[in-house]
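Asks: 3D, please:
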Amino acid sequence: APAMLVNLVRLIAQALVDHPDQVKVREVTGDRFPRIELAVARDDIGKVIGKDGRTAQSIRALVNAAAHKAGTRAYLDILD
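Replies: As a prediction, this is how the structure comes out:
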């Protein structure tokens, strides 16, 4: 399931940013459940966070829904 979640985050992020080639997504083993780290180009960070963090919230909601369907949990960490 984590590989599917990494691919999902990569697909969403690449669709939102101006520099899709600089999108980096990786799974990090967390304490209780996997953490997915998303890094984008510095001038693209606002595009994945969105106004008042709404875009980031939406991406997290999708990740949580997909993780739930796969019978797991995951946390999305957007690196700045």
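Asks: going forward, measure contacts and count neighbours with C-alpha atoms only.
Replies: Noted.
Asks: got a list of what the closest residue to residue 25 other than its chain neighbours touches?
Replies: Counting by CA to CA, 6 or more residues apart in numbering, residue 25 lies nearest to residue 38, which is 4.7 Å off, once chain neighbours are set aside. Going by CA atoms under 8 Å, 6 or more residues apart in numbering, residue 38 touches 9-10, 23-26, 76-79.
Asks: can you give me the helices in the protein?
Replies: In the chain, the helices defined using DSSP state H lie at 2-16, 45-49, 54-69.
Asks: so which of those helices gets nearest residue 30?
Replies: Ranking the helices of the chain by their distance to residue 30 (criterion: CA to CA) puts helix 2-16 first, at 11.8 Å.
Asks: what packs against that closest one?
Replies: strand 24-28, strand 35-39, helix 45-49, helix 54-69 (3 or more CA pairs under 8 Å, 6 or more residues apart in numbering; DSSP states H and E).
Asks: now those in CSV, with mean pLDDT and distance to residue 1?
Replies: What follows is these, written out as CSV (pLDDT from 0 to 100; distance: least, CA to CA, whole Å):
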stretch, mean pLDDT, distance to residue 1
strand 24-28, 95, 11
strand 35-39, 96, 12
helix 45-49, 97, 23
helix 54-69, 96, 7
